[in-house]
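Peer 1: Generate a structure from the sequence data that follows.
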Amino acid sequence: MTSTHYNVAVIGAGPGGYVAAIRAAQSGAKVAIVEKQYMGGTCLNVGCIPSKAMLHVAEAFHNLSTLDELGITLSGKPTFNMAKAVAFKDKVVKRMTGGVSFLMKGNNIDVFDGIGSVDASRTVTVTNNGTTQQFSADNIILATGSVPLMPPMPGIDGTNVMNSDTCWNLTATPKSLVCVGGGVIGIELACMFNALGTDVTILEMLPNILAPVDEEVRKLLQRLLAKRGIKVVTGARVEGISDTKGLKQVTATTDKGQQTYDAEYVLMAVSRRANTTGLEKLIEQGLDTDRGRVRVNDKMQTNLPGIYAIGDLIHGAGLAHVASTEGEVAADNINGKDTVMDYDVIPNPIYTFPEIAFVGLTEAAAKEKYPEARVERFPWTAIGKAVATSDTEGFTKVIVGKYGELLGAHIIGPDATNLISEYSLAMRGELTVDEISETIHPHPSLSEGLREAILAVTGHPLHIPPKQAAKAAR
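Peer 2: Now for the predicted structure:
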């Protein structure tokens, strides 16, 4: 039975919204959640989860080319079936979204399907296929997420122009693709399509791809992308998309003047914008916004009483795990706890080939803020497990302050997105290089590289020559 009044109503069932609902319900609140399209939101349906499923498929297919050196010979050339890969992706998504529905039921959360409109009196109106339901709540958490940004330009609404929400159900692998945008979404999808056999060109308006990433890591990735056959053009301002000889033609202004790039498909991956559908009345009633996103304080409170906002709707990292944490913070504050959101230690995973992950400051930012900061790297070529599995591209880089505290860590290489958690925990727990280096790591494992990078910054690495010794030898 649904109710007409709740302690907490959550608008949006993505990784921020459904986690907030669970946290509130587990604290004893009567909770409703409204979802306009699908449980799990963008992340589980057209974002994090389907992309990682397809990246797994793409990496497995690409790795077949390296089997010969392992003594494995395949009979005939491997082939790829996009329809079966999409079916696998759909199975993964269905399992994950079904799990969220199960959690809603298990936590006694009432689910409303439809578009939720909210006003400042904390009344929620849910519209679905012409039918309307209405209820009120003591507190409302806005978690409406984001949608792909499709900048106005000629041809953007044409055929074979995709975005990060619509690229998951192709019936065949594109022969060629122009990816507009060299941020995290664009680079991940470029890696996926390239590994499946697509000829990929990336056009990025800024001077560099992956602007927030440490420069040294970014430069290595760009070399590795080129090695895989991915073409990257930076400083390219896209002006329009047209059709020519059965292909899409993207026109861009570069430092060489106006250039054109032809491909079977165009992928628009420039950015995402906040989804404010259903919040129109709140905005009219004074909800504080800035450049299309809702302003909040460190308790996730908006300027309107009893209204909270989290995730892609607000300014921030745009990461699912951050949205989930913001949801927990909002729910805890509603429950009477004095909880604030801490953005100091946020692990950033990027699922490229190879993977990238980082936490804390880049080298440039650390050197500017802390001139005494020490920086060191440890290569995967010096780790036995990496050599044994033929995953030796990249390095681990640590940045340490004068008291031995970890200011930042950057990993490019195998399983980086999992390994970064050790450094995140170390930073969160304010561990020093001494405590990390005194922690025994298993052998053979990739995690050995994390300790070795710390040992290197102290001048005592075990599996590469120390810099002091190298200088003495000269």
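Peer 1: Show me the domain layout of this protein.
Peer 2: Per automatic domain parsing, the structural domains of the chain span 5-148+273-334, 161-270, 354-465.
Peer 1: Now do the shortest one: distance from first to last residue.
Peer 2: Going back to what we said before, that points to domain 161-270. Start-to-end span of domain 161-270 (Cα to Cα, to the nearest Å) is 13 Å.
Peer 1: Could you measure from F358 over to G316?
Peer 2: Applying Cβ to Cβ, to the nearest Å, the value for F358 to G316 is 16 Å. Where C-beta positions appear, they are placed from N, C-alpha and C, glycine not excepted.
Peer 1: For the two, indicate the residue with more neighbours.
Peer 2: F358 (25 against 17; other Cβ atoms under 10 Å).
Peer 1: residues in contact with the spatially most central residue of the chain?
Peer 2: When Cα atoms, centre = their mean is applied to the chain, the residue found nearest the centroid is L319 (5.2 Å). Contacts for L319 (Cβ atoms under 8 Å, 6 or more residues apart in numbering) come out as 346, 348.
Peer 1: Name the residues of the longest strand anywhere in the chain that come out as buried.
Peer 2: Of all the segments assigned as strand in the chain under DSSP state E, the longest by residue count is strand 131-142. Counting neighbours by 16 or more other Cβ atoms under 10 Å, one finds that the buried residues in strand 131-142 are 133, 135-137, 139-142.
Peer 1: which residues touch that strand?
Peer 2: With contact meaning Cβ under 8 Å, 6+ apart, strand 131-142 is reached by 2-12, 17, 20-21, 24, 32, 112, 114, 118, 121-126, 279, 282, 294, 300, 302, 306-310, 313, 327, 330-331, 334.
Peer 1: Filter those down to the ones in helices?
Peer 2: 17, 20-21, 24, 282, 327, 330-331, 334 (DSSP state H).
Peer 1: Name the member of these that has the highest neighbour count.
Peer 2: Neighbour max across the ones in helices among the contacts of strand 131-142 (other Cβ under 10 Å) = A20, 34 neighbours.
Peer 1: Next one: that one from G106, what distance?
Peer 2: A20 is 16 Å from G106, by Cβ to Cβ.
Peer 1: picking that back up, please pick the buried ones from the contacts of strand 131-142.
Peer 2: 6-12, 17, 20-21, 24, 32, 112, 114, 118, 122, 124-126, 279, 282, 294, 300, 302, 306-310, 313, 327, 330-331, 334.
Peer 1: now, which of these lie within strands?
Peer 2: Those of those mapping onto strands are 6-11, 32, 112, 118, 124-126, 294, 307-309, per DSSP E.
Peer 1: Closest one of these to P207?
Peer 2: V294 (30.8 Å; Cβ to Cβ).
Peer 1: Could you pull up the residues touching that closest one?
Peer 2: Contacts of V294 by Cβ under 8 Å, 6+ apart are 142, 274, 276, 279, 287-288, 302, 309, 313-314.
Peer 1: Can you show me the strands along the stretch 301-450 of the chain?
Peer 2: Assigned by DSSP state E, counting those that start in this stretch, the strands in the stretch 301-450 of the chain fall at 307-309, 348-350, 355-360, 374-379, 395-400, 406-413.
Peer 1: Now do the fifth one: everything it contacts.
Peer 2: Which is strand 395-400. With Cβ under 8 Å, 6+ apart, strand 395-400 has contacts from 214, 216-217, 220, 360-363, 366, 373-380, 406-413, 419, 423, 433, 449-450, 452-454, 456-457.
Peer 1: quick one: the nearest residue to G316 once chain neighbours are set aside from D165, how far?
Peer 2: Of all residues not flanking G316 in the chain, V322 sits nearest, at 6.1 Å (Cβ to Cβ, 6 or more residues apart in numbering). V322 sits 20 Å away from D165, going by Cβ to Cβ.
Peer 1: between the two, which one's more packed in?
Peer 2: Taking other Cβ under 10 Å, V322 and D165 do not tie; V322 has more neighbours (21 against 14).
Peer 1: I figured the more buried one was touching I346, is that so?
Peer 2: Yes - in this structure V322 lies within contact range of I346 using Cβ atoms under 8 Å: 6.0 Å.
Peer 1: where in this protein is pLDDT low?
Peer 2: Counting by pLDDT under 70, the chain has low-confidence residues at 1-2, 468-474.
Peer 1: still on that earlier bit, dump the domains of the chain into JSON lines; add distance to P154 as well.
Peer 2: Converted to JSON lines, the domains of the chain look like this (distance: least, Cβ to Cβ, whole Å):
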{"stretch": "domain 5-148+273-334", "distance to P154": "18"}
{"stretch": "domain 161-270", "distance to P154": "4"}
{"stretch": "domain 354-465", "distance to P154": "34"}
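Peer 1: Out of those, which is closest to G155?
Peer 2: domain 161-270 (3.3 Å).
Peer 1: How far does that closest one sit from its chain's centre?
Peer 2: Offset of domain 161-270 from its chain centre (Cα atoms, centre = their mean, to the nearest Å): 18 Å.
Peer 1: just stretch 141-159 next, same as before
Peer 2: Worked out by Cα atoms, centre = their mean, stretch 141-159 lies 17 Å from the chain centre.
Peer 1: helices or strands up against the longest helix along the chain?
Peer 2: Longest helix in the chain by number of residues (criterion: DSSP H): helix 82-106. Helices and strands touching helix 82-106, by 3 or more Cβ pairs under 8 Å, 6 or more residues apart in numbering; DSSP states H and E, are helix 17-26, helix 41-46, helix 48-63.
Peer 1: Could you rerun that using 6 Å?
Peer 2: Other elements packing on helix 82-106 under the criterion 3 or more Cβ pairs under 6 Å, 6 or more residues apart in numbering; DSSP states H and E are helix 41-46, helix 48-63.
Peer 1: Give me the buried positions along the longest one.
Peer 2: Within helix 48-63, the residues that qualify as buried by neighbour count (16+ other Cβ under 10 Å) are 48-59, 61-62.
Peer 1: and the gap between A60 and T198?
Peer 2: With Cβ to Cβ as the criterion, A60 and T198 are 16 Å apart.
Peer 1: Helices of the stretch 101-250 of the chain, residue ranges please.
Peer 2: Using DSSP state H, counting those that start in this stretch, the helices of the stretch 101-250 of the chain run over residues 184-195, 215-228.
Peer 1: quick one, which of those is packed in tightest?
Peer 2: helix 184-195 (a mean of 25; mean count of other Cβ atoms under 10 Å).
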